[in-house]
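Enquirer: I'll drop the sequence and a predicted model, then ask my questions.
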Amino acid sequence: MEIEKMTVEEIKKGYRTGEFSAVEVVTYYLERIKEYDEQIGAFLSLCENSALEEAKKTDKKIKNNKALGLLEGVPVAVKDLICTRGLRTTCASKMLEDFIPPYDATVIKKLRETGAILIGKTNMDEFAMGSSTENSAFKTTRNPWDSRKVPGGSSGGSAAAVSAGFTPFAIGSDTGGSIRQPAAFCGNVGLKPTYGLVSRYGLIAFASSLDQIGTFTKTVKDAALGLQAIQGHDSMDATSIRCDITGDYTIHLEDGIKGMKFGLPKEFYQEGLDEEIKASIMSSIQRIIRMGGEVEEFSLPITKTGLSAYYIISSAEASANLARYDGIRYGYRTEKFSDIETLMLNSRTEGFGQEVKRRIMIGTYVLSSGYYDAYYKKAMIFRRKVKEIFGEAFEKYDAIISPVSPVLPFDIGEKTNDPLQMYLSDIYTVNVNIAGLPAISIPCGYSRSQLPIGLQIIGNFYEEEKLLKSAYALEQDLFLYHKVPELKGVV
Amino acid sequence: MKVDVKTINHIAALAKLKFGEDDAERFAEEFKEILEHFNNLDQEDLLHEDRNPANGREASLREDTLETFENKEELFKNTKDFVDKYILIPKVIE
Amino acid sequence: MILETIIGLEIHVELNTRTKIFCGCSTEFGAEPNANTCPVCIGLPGTLPVLNEEAVNLAVRAGKALNCRINTINKFDRKNYFYPDLPKAYQISQFDLPICEHGYVDIDIEGMNKRINILRIHMEEDPGKLIHAEGEPITMIDYNRSGVPLIEIVTEPDIRSPKEAVTFLTALKAILEYSEVSDCKMEQGSLRCDANISLRPIGQEKLNTKVEIKNINSFKEILKALEKEEKRQKELYDFNEAYKIKQETRKWDSGKGRTIPMRSKEDAHDYRYFPEPDLPPVIIKNETLAAIQNTVPEMPEEKKARFKNQYGLNDNETEVLISKKVLAEYFEDVVSYKVSSKEASKWIKVEVMRMLKESENIEIPAKYLAKLIKLIENGRISRSAAKEVFDVLWLTEKTPEAVIKEKQLEQISGSDQLDQVISEAIEKNPDAVAAYLRGKEQSKIFLMGQVMKATKGQANPKLAMQILTEKLGKTEDLKNFSESIDNADK
């Protein structure tokens, strides 16, 4: 019984039919993690005891024919920047190495309510700043498809965990592509919902107006289930959606895409895009046309400028969000201090990694007196423009198709010395966050070197139903989701 | 935009970070590159500012009802120096 | 060169909400350290602010009471700076689009009306409190105050003297208290004032360098601090050293009686304001505005005019009554029992105010005070007896009748009773009576004294005198008659 290849849907079915028990499933995953995670490095901490306890409870419920939650008994791995009460939540930073939140994030509460079982916290780029998970203060995660390569970032641990068969379902966060890009690099389905659809309460903030919690799954249907579990208005988050929306995203999932119009931003397919990725996406577009979808090229002239606006806005917000880390109330406190000034200064200097400091510096600079107008103000005005441009596009198209990353998964250590290069690789994802739109990344092919390639579908605000429907149709046609990596040893 | 070590140190002070000489120089270089890239925003037409901050967003308020966070011990468990219900720090001179 | 003083004030007022501005913690003063805290107000990672609607309502009400224009769409911004009392290292405040703008307060300066303009009112969160330990190199932080809703009221530099500043603040405090926006207790920190002061030659339009004064804890201290700083600056002008006045913040040290430069916070002014992304804009609907307008109660000036009109009181009599809304309400309550408004105002001005020096609230029900006043009017008790009863009623739960009976303070006003006592006094003191009849007025007083002695001071003096005089008159007649009979016999 290869549980590691099962989808959430299949596990739920297995519980219903009595094919296996929750304790068996959780034990299976925990053992697999113990066997292979030393090579992969997906997890920062595991919840063995509590996971098994919860699995026992699930089995009891099943035995007593009690009503089961949407994700009853389904293991879930959570990116380590989401607060879990009583469990260390580190953001992969020395700054929060020993931080134990006294409260659960709303998304954790919701997952518990559906019966999901928290299996562990996953590795990430420190404070979600990065595109490779190499900025973690604790360990580097390796791509399960090729251990020399990065899994993408910043939610690399969650993506790798699903790919490697350590869990059927994982939660991550996406500020500029941090779910979609690792999903593409690791060959699974990464969903970033509309900004506001999922509560941010308990998500340790990087950039408040861009952060959004989302899912990693093997299939689009699993993503639909996952979204249903985590979405909804939260009174603790003033930016969360005010009203109730679609509950069940599986209802129209299989409706097909006949007659749907898809836009292809021509600027996204110009120089800089890896040839293999381009070919793979074009091939998928042919499939869409064959299935009855209409595809049309259009102009979306926001790539490079969007990147600038993104880095200005996200760094500015991050510089303020990370100012609270000073060693006084919680977190890392330096041992070298003579007064309050040096306590704060040294705690911050010693507790934060390079990339975090870089972003804080950029953010402080663009907000500082004399530079606000030159950078931040311009970025905010441009942000409104981006929303308008997308708005115009969605008047014509049901969804937009684009690559996720301009490059294939790269070698560990390859880009760490050139921050600007690293930033430029976010070119296809950041504008989605600037606008607040939903987007999904699904595997659409493999390179000659057997590295996964992802395709991004972008939808209009709160149109996750359309988005998932399109992704499902393509996924089913591609029939790639059953492919899993062989976990090779470290080279 | 001139970005030198002096600028880096000034910004670092605002952000309560400290850099050694080498690091500060390296930062200055990286900054310059990144800020130059940001200049591509200038090619956009960004003149008209929208003075309406509401922009389709709705207000979100809560009622003035008491909600007590019961477990104070857990709340301050992460504080390094918590004594007799106070958080302690080296003396602050005002 | 004649100099004039220019003063502008920044007043922070804690709003009278039950809970904090961005979380559900209590705002109650005097709790144990760090008891009124939660993940949000101590800025734990992952927490988010959600705006308290009552804070908005009170801010609007304050704006209306201060004649401001309400910005029905306004927003919050982050004010970024590092200080241990600020958990997030930014204060959520309002920068370029505050909730209220362009209001005013009219005050009375030596019989003339003067308008002090208010530039703006904005909402913000209070930081926590730092307590510096004695004798130890430690500071203690209490975050109970962190997140308490504040409004900051900024005046235009319209004030021209320290005294004027106090007059303005007194008027402002009364207005805010009346509108129930805040309890305005400076000693508890729910009202704090910082002042900006500069001097300039009369006739000059430009404002000179201003100095900010902080750490003023009472209205009395405001007067002293401003006078001191005014003097300091004037002396520099006198010696042609006005250039030495730099834009700085000085701390008022009430012990030393002078202002001291505060430790300069370098880059203190680069707050790097930007719009708060965690909070959508504040949108106040017109219906809400109208509803709040209706909750603005009668303001002190209006009440004063009405009291003079309706109750026939003069300036002096109304002054104390309107100084605190609760006193005005009490006064009207007492008067509603149909007693003299002049009497009621006197009792409140003297006796109630006396007891309020020790008590926080008025501890004698209005109907009891009204009762006492009526009993005096009816002659049932004397004024001094009433004062005694008043004190007991303040300190206990007893009723007026019970106390009067207990202490046997009832004036004897029953004519029969008095009649008897007086007749007895006359009989027992024939010499005094005779003396009186011969013309010695003093003897009547002596006889009164005997009556009072016999009644243990409880005789209604007026009535007793009346009856005594009557009886003595009859005695005179009787004597004359008997004399005439005697004479007739001779």
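Expert: Yep, that arrived. Just so we're clear, the structure is a prediction, and the values are computed from it rather than from any experiment.

Enquirer: remind me, longest helix of chain B?
Expert: Counting residues, the longest helix found in chain B (DSSP state H) is helix B:21-38.

Enquirer: if we go by neighbour counts, what in that one is buried?
Expert: For helix B:21-38, the neighbour count (16 or more other C-beta atoms under 10 Å in any protein chain shown) marks B:23-24, B:27-28, B:30-31, B:34-35, B:37-38 as buried. In this view, the C-beta of every residue, glycine as well, is placed from N, C-alpha and C.

Enquirer: packing partners of that helix?
Expert: helix A:303-321, helix A:354-367, helix A:419-424, helix B:5-14 (3 or more C-beta pairs under 8 Å, 6 or more residues apart in numbering or on different chains; DSSP states H and E).

Enquirer: chain C is nearest to which of these?
Expert: helix A:354-367 (3.8 Å; C-beta to the nearest C-beta).

Enquirer: elements contacting the helix or strand just after that closest one?
Expert: Counting by DSSP states H and E, the next helix or strand C-terminal to helix A:354-367 is helix A:378-396. Secondary-structure packing of helix A:378-396 (3+ C-beta pairs under 8 Å, 6+ apart): strand A:261-265, strand A:294-298, helix A:303-321, helix A:430-435.

Enquirer: buried residues, the first one. List them.
Expert: Right, the one you point to is strand A:261-265. For strand A:261-265, a neighbour-count test (16+ other C-beta under 10 Å) marks A:262-265 as buried.

Enquirer: same question, the third one
Expert: If you call a residue buried by 16+ other C-beta under 10 Å, then helix A:303-321 has these buried ones: A:303, A:305-321.

Enquirer: ok, the residue lying farthest from the centre of chain A to residue C:82 distance?
Expert: Distance from the centre of chain A peaks at residue A:338, with 41.3 Å (C-alpha atoms, centre = their mean). Counting by C-beta to C-beta, to the nearest Å, the gap between residue A:338 and residue C:82 amounts to 17 Å.

Enquirer: residue C:88 - that's part of a helix, no?
Expert: No. Assessed with DSSP: H, G, I helix; E, B strand; the rest coil, residue C:88 is coil; it does not lie in a helix.

Enquirer: quick check, pLDDT for it.
Expert: In the predicted model, residue C:88 carries a pLDDT score of 98.

Enquirer: skipping its backbone neighbours, what lies nearest it in space?
Expert: residue C:43 (4.1 Å; C-beta to C-beta, 6 or more residues apart in numbering or on different chains).

Enquirer: ok, how many other residues are close to the one you found?
Expert: Residues lying near residue C:43 (other C-beta atoms under 10 Å in any protein chain shown) number 23.

Enquirer: hang on, it in a helix?
Expert: No. Read with three-state DSSP, residue C:43 is coil and lies in no helix.

Enquirer: pretty sure it contacts residue A:328?
Expert: No. With contact defined as C-beta atoms under 8 Å, residue C:43 does not reach residue A:328; the gap is 10.0 Å.

Enquirer: follow-up on the earlier one: want to try a markdown table for the helices and strands packed on helix B:21-38, with distance to chain C as columns?
Expert: Shown next, in a markdown table, are these (distance: least, C-beta to the nearest C-beta, whole Å):
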| stretch | distance to chain C |
| --- | --- |
| helix A:303-321 | 5 |
| helix A:354-367 | 4 |
| helix A:419-424 | 21 |
| helix B:5-14 | 6 |
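
Enquirer: so the longest helix of chain B versus helix A:378-396, what angle?
Expert: For helix B:21-38 against helix A:378-396, the angle by axes from the mean of the first three to the mean of the last three C-alpha atoms, to 10 degrees is 40 degrees.

Enquirer: contacting residues around helix B:21-38?
Expert: A:307-308, A:311-312, A:358, A:361-362, A:365-366, A:375, A:419-420, A:423, B:1, B:3-5, B:7-9, B:12, B:19 (C-beta atoms under 8 Å, 6 or more residues apart in numbering or on different chains).

Enquirer: show me how far the lowest-mean-pLDDT helix or strand in chain B is from its chain's centre.
Expert: In chain B, no helix or strand scores lower on mean pLDDT, DSSP states H and E than helix B:21-38, which sits at a mean of 90. A distance of 19 Å separates the centroid of the chain from that of helix B:21-38, by C-alpha atoms, centre = their mean, to the nearest Å.

Enquirer: that one vs helix B:5-14, what angle?
Expert: For helix B:21-38 against helix B:5-14, the angle by the same axes, to 10 degrees is 90 degrees.

Enquirer: let me see the contact set for residue A:239.
Expert: Residues in contact with residue A:239 (C-beta under 8 Å, 6+ apart) are A:195-196, A:200, A:208-209, B:60, C:48, C:277-280.

Enquirer: tell me where chain C is predicted with low confidence.
Expert: C:263-269, C:412-415, C:476, C:478-479, C:481-486, C:488-490 (pLDDT under 70).

Enquirer: show me the contacts for residue B:42.
Expert: Residue B:42 neighbours (C-beta under 8 Å, 6+ apart): residue A:378.

Enquirer: how about the secondary structure of it?
Expert: Secondary structure for residue B:42, judged by three-state DSSP, is helix.

Enquirer: for it, give its distance to residue A:382.
Expert: Where residue A:382 is concerned, residue B:42 sits at a distance of 10 Å (C-beta to C-beta).
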